[in-house]
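> My questions concern the predicted model and sequence given below.
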Amino acid sequence: MGVRRRGRELALQMLYQHELAGTDVEAMLTSFDELLQAPRVIREFAVSLARGVISRLSELDARLVDQADNWRLERMAAVDRNILRLALYELLFASDTPPAVVIDEAVEIAKRFGSERSSQFVNGVLDGFLHRDKAAEER
């Protein structure tokens, strides 16, 4: 598994823990064993993503609500919601990864951590976001 994929997976787990238990990133830096055992480059990437998503949570959630027609955030599975937040953060604010790669990574992570239909849901929302965003740029 690649460095960035593993970092994204750890970031997802951090976001999930943050959402469900209210644990902040600083506390996870001393208590999340998988994160502590990861090589430094993976750990730094994961922490950077988690901090970025948390710092822009309300903005990311607003974008998700706009894009996910007929889906309130509360109705989304927590794993799917956090995968989408993570991918949207990368698409909007960490532009060093091509959009197609961000979406592919999100879909693969959804296959591993989500339900049977998570990957389709994640792909549909992110693909729709990219198309909507491109259409807005062309106007």
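The structure has been received and is ready for your questions.
> Could you use CA atoms for every contact and neighbour count after this?
Noted.
> mind listing the strands for this structure?
Counting by DSSP state E, the chain forms no strands at all.
> In it, which helix is the longest?
helix 118-138 (DSSP state H).
> and that helix, how far out from the chain's middle?
14 Å (C-alpha atoms, centre = their mean, to the nearest Å).
> which strands and helices sit next to that helix?
Here helix 118-138 touches helix 57-67, helix 78-93, helix 99-113, going by 3 or more C-alpha pairs under 8 Å, 6 or more residues apart in numbering; DSSP states H and E.
> Pull out the buried residues from it.
S118, S119, F121, V122, N123, V125, L126, D127, F129, L130 (16 or more other C-alpha atoms under 10 Å).
> Closest one of those to L88?
L126 (7.6 Å; C-alpha to C-alpha).
> Who's the closest spatial neighbour of the closest one, skipping the chain neighbours?
Spatial nearest neighbour of L126, excluding adjacent residues (C-alpha to C-alpha, 6 or more residues apart in numbering): I103 at 6.6 Å.
> related to what we said a few turns ago, okay, angle between the longest helix of the chain and helix 99-113 too, please.
If you take axes from the mean of the first three to the mean of the last three C-alpha atoms, to 10 degrees, helix 118-138 sits at 160 degrees to helix 99-113.
> Which residues does helix 118-138 contact?
67-68, 80, 83-84, 87-88, 99, 103, 106-111 (C-alpha atoms under 8 Å, 6 or more residues apart in numbering).
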